[in-house]
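In: this one's structure only:
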């Protein structure tokens, strides 16, 4: 290193440093901070906006809240069901509700309710934020101790007063309104009043509303006399009245009661030792087993029982709870028609109607609808029974409809898909076998085990003739084919796919196979609705029991039954015409229903008979199921008769035969005459639509689809005498109790016995199993 002294300039020079680099880093840090700060302010701003928007939306929804009055708070949550005249036919509360005063509720019962339902009841103002958070956490951890969700007792009171449990009410809007109204109620009523209102209103199972009524119903005592375990059971019922029903589910009831007792310990209402002693008490301790008032109420509802059952099913499908929602349900029930149907079906063996009931064991089901709307006017689900809400055979689809399904499965789809005219020639020869078997199919009075010689000498019949005489072979050929053409090959046929699609448009879901052409599982409800489409020009209206529903907030929900096009107008009219011939046909081979023709109204109908299997041990002439379904413009009626268990009918109840084979026909005719004589219902004839041509064929009036192509390869083979008359020209009297020929000459397929094998008809005809 040099020893020379530094120059002045060198001495004054500043050493080099990294400051420029540091400035660059600071600039980088400064930029990152600015971005963070901007993002934070953005998030904070959005949060503020969200809060403001949420609060604004809350108050907007709150401004649209329904009014809640003192009358509504004191009122019941019971649901009532009305007929078309506005008369009550059913109420969800079978027990008359008793309103208790504040002083009547014992401290023990009030503590039990608060402990299990809303432990912070006396600390919140209607909405409990801590409870909402706690309920969410409990739902995650599963440690709720049976407590309900975030709703306070006040919110539950509001919900039971103006809202419902329907899914349409499970919205943020409704929850906001519920919270708002709960806070309003808290400002206008004391805690003691709110608790009393809740305990007077809440549903507690078995048709019981209010805890005073519950104490009498379950234990036959005043509330002040309830023991600790009894008070705990009642307090625990509101969460799930059915699940904790001490009669139907004693294990569930004990589980819930013990939850309440544990909650009371944690609330400080009882000691752990007292709770443990109460938990050891049998759940049925002091529980009443008889309820005379409930039985008296049941007698009043007996006439409309099946209709009520079907209405409740429709209400449930719409996600309402009749026990909690306080609905007013206006039904389509004509109580006069319902009463008449009940009287007719429940008549004894000797009766004013001339209906030949063989005994009290034979069952019957009836559904009556308005073809123009789908409204169910009346319904009977069973006969000679005292059981309420029991089996409803009117809606059961476990029995075969026999030949009543031929119009639906076979002939209507043939017109719809292939434009067949009413005079289309069909094969009625003995060559048809069930698919995959060696079993020949026969018609009335013929053997189905081998080829046979027709008594008529005919091998071919018109479609009208085949339907009117209820022949099996033409129906099977129409659905499944096998008919050999004169030129070779096979005649056209509907096929399962087309038929199933047609049935679906009529509200019937079916998987066709085997002998489906002559019988599928079906109900009177389905048949009445499906046949209605022949009466109204081809529209399908789903069976409707409810006209309107009024919820607790006063809103009326009208249930409009919008119809859908199920078939062409040509199909409906031509089927209508052929079904009229079922009643008006005369001649040796008609089914003898002309005695049911009434000069005051025009009608079409179809019978159905399901025979027992050959190996069943029953008489060859006995039937397991008998049907009759018909219609006018103003009403459609479907009737089924048979035994509850067709194959366990003991001697001498050996199936329906002889005069009893006319049961459904007589019931139908009696009811149709009554229905058409009341309510100003339309019984006029139908007008031919422009889509149909009227022609004369084989010397008779027939119809064909206008401007449509169709095949008729066997037209030159039609022969044999057969006559029918146009209904409007008939003046026959109505409802003779006898017939010129047994309906059993109709040729429905045998219904196999439960242990049937391949030696009988295919299993698809085995739909006459117990409903």
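Out: Looks like it arrived, so ask away. Everything numeric here is computed off the predicted structure, so don't read it as measured data.
In: use CA for all of it now, contacts and neighbours both
Out: Will do.
In: Skipping adjacent residues, who's closest to residue 340 in space?
Out: Leaving aside its chain neighbours, residue 340 sits nearest to residue 671 (7.6 Å; criterion: CA to CA, 6 or more residues apart in numbering).
In: Does residue 346 touch residue 386 like I think?
Out: No. Counting by CA atoms under 8 Å, residue 346 stays clear of residue 386, with 11.3 Å between them.
In: So between the two, which is more surrounded?
Out: Neighbour count, other CA atoms under 10 Å: between residue 346 and residue 386, residue 346 has more, with 19 against 11.
In: Now that we're looking at that one, what pLDDT does it have?
Out: In this model, residue 346 is scored at 94, pLDDT.
In: can you list the weak-confidence ranges in the stretch 651-771 of the chain?
Out: The stretch 651-771 of the chain contains residues with pLDDT under 70 at 651-655, 658-659, 719-771.
In: again with the stretch 251-400 of the chain
Out: For the stretch 251-400 of the chain, the ranges with pLDDT under 70 are 292-300.
In: what about 80?
Out: The model of the stretch 251-400 of the chain has pLDDT under 80 over residues 291-300, 324, 386-390.
In: try the stretch 401-550 of the chain
Out: Along the stretch 401-550 of the chain, segments meeting pLDDT under 80 span 429-459, 482, 486, 514.
In: Show me what the helix or strand that the residue nearest to residue 340 is a member of is in contact with.
Out: Element membership for residue 671 (DSSP states H and E) is helix 663-677. Applying CA atoms under 8 Å, 6 or more residues apart in numbering, the contact partners of helix 663-677 are 337, 340-341, 344-345, 353-357, 596, 598, 601, 607, 626-630, 634-635, 637-641, 681-683, 734-735, 737.
In: Quick check: strands, which of those are part of them?
Out: Judged by DSSP state E, strands contain the following of these: 607, 626-630, 637-641.
In: Could you identify the most distant pair in those?
Out: 630 and 641 (15.1 Å; CA to CA).
In: how about residue 84, what does it touch?
Out: Counted by CA under 8 Å, 6+ apart, residue 84 has contacts 330-335.
In: Now do the strands in the stretch 351-500 of the chain.
Out: Counting by DSSP state E, counting those that start in this stretch, the segments of the stretch 351-500 of the chain that form strands are 363-369, 376-380, 399-400, 425-427, 460-462.
In: Out of the contacts of residue 84, list just those in strands.
Out: Counted as lying in strands by DSSP E, out of the contacts of residue 84, are 330-331.
In: Now distance to residue 179 and neighbour count too, for the contacts of residue 84, in JSON lines please.
Out: Below are the contacts of residue 84 laid out as JSON lines (distance: CA to CA, whole Å; neighbours: other CA atoms under 10 Å):
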{"residue": "330", "distance to residue 179": "30", "neighbour count": "23"}
{"residue": "331", "distance to residue 179": "33", "neighbour count": "25"}
{"residue": "332", "distance to residue 179": "36", "neighbour count": "24"}
{"residue": "333", "distance to residue 179": "38", "neighbour count": "28"}
{"residue": "334", "distance to residue 179": "42", "neighbour count": "17"}
{"residue": "335", "distance to residue 179": "42", "neighbour count": "19"}
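In: in the stretch 401-550 of the chain, which spans are helices?
Out: 406, 412-418, 463-468, 472-480, 496-505, 524-535 (DSSP state H, counting those that start in this stretch).
In: Quick one: closest of those helices to residue 555.
Out: Proximity to residue 555 (CA to CA) singles out helix 524-535 among the helices of the stretch 401-550 of the chain, at 29.7 Å.
In: Who are the packing partners of the closest one?
Out: strand 363-369, strand 539-540, helix 569-584, strand 623-631, strand 636-642 (3 or more CA pairs under 8 Å, 6 or more residues apart in numbering; DSSP states H and E).
In: Now do the helix holding residue 671: distance to the chain's middle.
Out: Centre-to-centre, helix 663-677 and its host chain are 25 Å apart (CA atoms, centre = their mean, to the nearest Å).
In: Could you do stretch 606-621 as well?
Out: 31 Å.
In: re earlier: nearest to residue 310, of the strands of the stretch 351-500 of the chain?
Out: Closest approach to residue 310 among the strands of the stretch 351-500 of the chain (CA to CA): strand 376-380, 8.8 Å.
In: and residue 524, what does it touch?
Out: Going by CA under 8 Å, 6+ apart, residue 524 touches 365-367, 394-395, 638-640.
In: out of those, which are buried?
Out: Among the contacts of residue 524, those buried by neighbour count (16 or more other CA atoms under 10 Å) are 365-367, 394-395, 638-640.
In: Redo those residues as TSV? Include distance to residue 237.
Out: Shown next, in TSV, are these (distance: CA to CA, whole Å):
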residue	distance to residue 237
365	37
366	38
367	37
394	34
395	32
638	42
639	42
640	41
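In: now, which of those sits nearest residue 161?
Out: Distances from residue 161 to the buried ones among the contacts of residue 524, taken by CA to CA, are shortest for residue 395, at 33.9 Å.
In: So what does that closest one look like in phi/psi?
Out: Reported as degrees, to the nearest 10, the phi and psi values for residue 395 are phi -110, psi 0.
In: Tell me if I'm right that it and residue 527 touch.
Out: No. Using CA under 8 Å, residue 395 is not in contact with residue 527, being 10.0 Å away.
In: Could I get the full set of strands for the stretch 201-350 of the chain?
Out: Per DSSP E, counting those that start in this stretch, the stretch 201-350 of the chain carries strands over the ranges 328-331.
In: number of nearby residues for residue 380?
Out: Residues lying near residue 380 (other CA under 10 Å) number 27.
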